[in-house]
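[1] The sequence and its predicted three-dimensional model are supplied below.
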Amino acid sequence: MPVTTQQLIQWKQQGRAITALTAWDYAIAQLIDAAGVDLILVGDSMAVVLGYETTLPITLEEMLFHAKAVRRGVKRALVVVDLPFLTYQESVAQAMHSAGRILKETGAQAVKLEGGYPAMVETIARLVQAGIPVMGHVGLTPQSVHQLGLRQQGKTEAQAERILNEAIALEQAGVFAIVLEHIPADLARNITEKLSIPTIGIGAGADCDGQVLVTSDILGLSAKQPPFAKTYTNLREIITQAVQDYAVEVREGKFP
């Protein structure tokens with residue numbers, strides 16, 4: 001049966017860990033869905049997979065195109081799509097239009113928005129009221145890269161208190177889950193204990209209700225990756241070797 005937002009909340013209550021990965025096309029989505037991943041995020045991290053240096057340049061149209069392909073490859077996992085930079089920050093109306101297009105045009109079940117500041121909390125509350133499932137995201141928010149950099153957030157007492165309060169406010173606004181990115185493990189544990197909705201960690205320690213990583217990182221496809229990622233295989237080497245072997249066989253007349 002397909003995974004639902006309510007099921008994720010039930011899994012938190014049951015102590016069942018939630019697995020999540022990113023996807024950007026049909027083939028990758030089909031593989032990780034068949035492998036049993038619970039949640040597939042069509043993240044704006046895809047911008048880096050597509051050759052951009054940050055997540056900022058990717059457009060809503062690009063996200064829609066790739067999310068459609070991902071959704072076609074998924075039978076079980078919950079599909080969540082990031083709203084890209086400046087497609088939801090201007091106004092509630094803009095956010096409603098962007099999120100509505102994601103759900104209507106791709107078949108995804110939810111959207112993810114970054115930030116827990118008051119205006120964003122209000123925007124998310126309005127989306128939820130309109131029937132749009134929303135996942136929150138606090139801590140390191142990559143769309144704020146030119147403001148925050150990529151360094152760990154929540155290291156000072158003031159920062160930790162702000163992030164905790166943002167997470168609580170997002171739960172009150174109606175999000176079904178929250179991504180905690182690159183924050184100290186003790187802060188992530190504190191947030192996880194205080195919320196009734198699941199936390200999905202990325203570089204936030206082992207005490208979150210689930211974990212998410214960028215698929216290109218775990219497969220060894222990324223030229224560089226964050227310090228909290230783990231590589232389970234090295235497809236860069238495997239693919240390079242396979243292509244080199246093919247080229248040699250063609251040039252030497254061994255194939256076909």
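    Cool, the structure landed.

[2] give me the element residue 64 is part of.
    If you go by DSSP states H and E, residue 64 is part of helix 60-72.

[3] what's next to that helix, contact-wise?
    Where contact means CB atoms under 8 Å, 6 or more residues apart in numbering, the residues beyond helix 60-72 that reach it are 23-26, 28-29, 40, 42, 44, 46, 50, 79, 81-84, 87, 98, 101-102, 105-108. In this view, the C-beta of every residue, glycine as well, is placed from N, C-alpha and C.

[4] So which bits of that helix are buried?
    Buried residues in helix 60-72, defined by neighbour count with 16 or more other CB atoms under 10 Å: 60, 62, 63, 64, 66, 67, 68, 69, 70, 71.

[5] Nearest to residue 231, out of those: which one, please.
    residue 70 (22.1 Å; CB to CB).

[6] re earlier: past the helix holding residue 64, which element shows up next along the chain?
    Following helix 60-72 toward the C-terminus (DSSP H and E): strand 78-82.

[7] Please find the angle between the direction vectors of the helix or strand just after that following strand and strand 78-82.
    Downstream of strand 78-82, the first helix or strand assigned by DSSP H and E is helix 92-106. Counting by axes from the mean of the first three to the mean of the last three CA atoms, to 10 degrees, helix 92-106 lies at 140 degrees to strand 78-82.

[8] Tell me the buried residues in helix 92-106?
    92, 95, 96, 98, 99, 101, 102, 103, 106.

[9] any idea how far residue 140 is from residue 201?
    12 Å (CB to CB, to the nearest Å).

[10] what do those two both touch?
    residue 181.

[11] just for the stretch 51-200 of the chain, where's the confidence low?
    The model of the stretch 51-200 of the chain has no residue with pLDDT under 70.

[12] Report the buried residues of stretch 166-186.
    Residues 166-171, 173-184 are the ones in stretch 166-186 that count as buried (16+ other CB under 10 Å).

[13] residue ranges for the strands of the stretch 101-250 of the chain, please.
    110-112, 134-139, 177-181, 199-202, 210-213 (DSSP state E, counting those that start in this stretch).

[14] Give the other helices and strands that the fourth one contacts.
    By that I understand strand 199-202. strand 177-181, helix 185-194, strand 210-213 (3 or more CB pairs under 8 Å, 6 or more residues apart in numbering; DSSP states H and E).

[15] redo that, cut-off 6 Å
    strand 177-181, strand 210-213 (3 or more CB pairs under 6 Å, 6 or more residues apart in numbering; DSSP states H and E).

[16] returning to that earlier point: same drill for residue 140 and residue 201, tell me which one is more crowded.
    residue 201 (29 against 25; other CB atoms under 10 Å).

[17] For the more buried one, name its beta-bridge partners.
    Beta-bridge pairing of residue 201 under DSSP bridges involves residue 180, residue 211.
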